[in-house]
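K.L.:
Coordinates for the following, if possible.
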Amino acid sequence: MRKKHGSAEDEVEVDLTPMLDIVFIMLIFFIVTATFVKESGINVAKPNENDTPPPPDAKPKTVALTVTEDCWVRLQGRRIDPGQVAPNVQRLVAERPGAPGIITIEGDAQTGCVTEVMDQMLIGGAAGVSLRAVEY
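P.N.:
Got it, this is the predicted structure:
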């Protein structure tokens with residue numbers, strides 16, 4: 001019996017063309033069936049050219065307070081507890097209906113305190129709350 005020895009001419013080659021075809025077909029399938037999510041951003045209300053500003057007397061004054069680093073609130077020169085913000089804001093909003101609230105954050109005030117004060121201002125009837133940070 002003769003043994004056959006493999007020669008260099010008998011090398012096996014793998015044809016990758018069908019695999020590439022399948023990969024491209026899968027790629028096209030996933031691109032076509034993908035759903036794209038449109039992320040919404042912040043809606044900005046731009047003033048119209050026809051809008052006239054209200055007279056100076058019609059602008060509501062703001063309800064301004066300050067949250068300190070040690071989680072106390074200063075309102076009109078008085079130091080109050082964050083839990084007492086709502087009744088004080090109710091009193092001020094009764095004097096100036098439609099007044100927006102402004103919270104000044106001093107230094108490294110805790111986020112939980114600021115959030116509690118924001119909630120208390122909204123409960124008290126402020127027409128919106130804006131934040132302002134102050135670094136010392």
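K.L.:
C-alpha coordinates for the worst-scoring helix or strand of the chain on mean pLDDT, PDB please?
P.N.:
The weakest-scoring helix or strand in the chain, judged by mean pLDDT, DSSP states H and E, is strand 129-134 (a mean of 86). As requested, the backbone C-alpha atoms of strand 129-134 are provided in PDB (Å, rounded to 0.1, in the frame of the first residue of the first chain):
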ATOM      1  CA  VAL A 129     -38.900  78.700  41.200                       C
ATOM      2  CA  SER A 130     -35.500  79.700  39.800                       C
ATOM      3  CA  LEU A 131     -32.100  78.800  41.300                       C
ATOM      4  CA  ARG A 132     -29.000  80.900  41.600                       C
ATOM      5  CA  ALA A 133     -25.700  79.700  43.000                       C
ATOM      6  CA  VAL A 134     -23.300  82.000  44.800                       C
END
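K.L.:
Around residue 50, count how many other residues there are.
P.N.:
By the criterion of other CB atoms under 10 Å, residue 50 has 5 neighbours. Every C-beta, even on glycine, is put in place using the N, C-alpha and C of the backbone.
K.L.:
Quickly find the element holding it.
P.N.:
Following DSSP states H and E, one finds residue 50 outside all helices and strands.
K.L.:
How about residue 91?
P.N.:
Using DSSP H and E, residue 91 falls in helix 85-95.
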